[in-house]
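# Quick check, what structure comes out for this input:
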Amino acid sequence: MEGISPKLVRIAERAISISKIDFGIPESGGVRTVEQQQQLYMSGASKADGIKALSKHQFGRAIDFYAYVDGKASWKKDHLTEVAHAFMQAASDLGIKVDWGGLWSNFKDLPHIQLGSREEF
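Reported below is the predicted structural model:
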């Protein structure tokens, strides 16, 4: 969580305490270098190439998560949605605006939470 907005850290800490499903942050789920972002772009996992289109991850304004079910990481839609609901509830409880990638219309990114566009770092 190094380099991540303190607001997102607080949200994640609150979310883990209220989520019905355990979760974690993958190695590339926090701050990313240009090279890491380009790799994700090339694999189709991101719409941001890291150079022309920058990712919120490059600025510590986003985190990705995975659900942890039956002793292993889960990327199943229902598990990720349940965890995302905990993030959204935590953000609401703390009065912090966030966007969830699962609600985007052009590219669904279920394990992605980012600060709202008007939210300060």
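# Now the residue lying farthest from the centre of the chain, what are its backbone angles?
In terms of distance from the mean C-alpha position of the chain, residue 70 ranks first, at 21.5 Å (C-alpha atoms, centre = their mean). Backbone torsions of residue 70, given as degrees, to the nearest 10, read phi 50, psi 40.
# cool, residue 56 as well?
With angles defined as degrees, to the nearest 10, residue 56 sits at phi -60, psi -20.
# now the one 4 residues further on
As for residue 60, its main-chain torsions (degrees, to the nearest 10) stand at phi 70, psi 20.
# residue contacts, it?
3, 4, 5, 8, 30, 31, 121 (C-beta atoms under 8 Å, 6 or more residues apart in numbering). (Glycine included, C-beta is placed from N, CA and C.)
# Do a quick rundown of the helices in this protein.
6-18, 34-42, 77-94 (DSSP state H).
# With mean neighbour count and mean pLDDT as added columns, please give those in CSV.
Formatted as CSV, the helices of the chain follow (neighbours: other C-beta atoms under 10 Å; pLDDT from 0 to 100):
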stretch, mean neighbour count, mean pLDDT
helix 6-18, 17, 97
helix 34-42, 15, 94
helix 77-94, 18, 98
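# Need the max-distance pair from the contacts of residue 60.
Spanning the widest gap among these are 30 and 121, at 14.0 Å by C-beta to C-beta.
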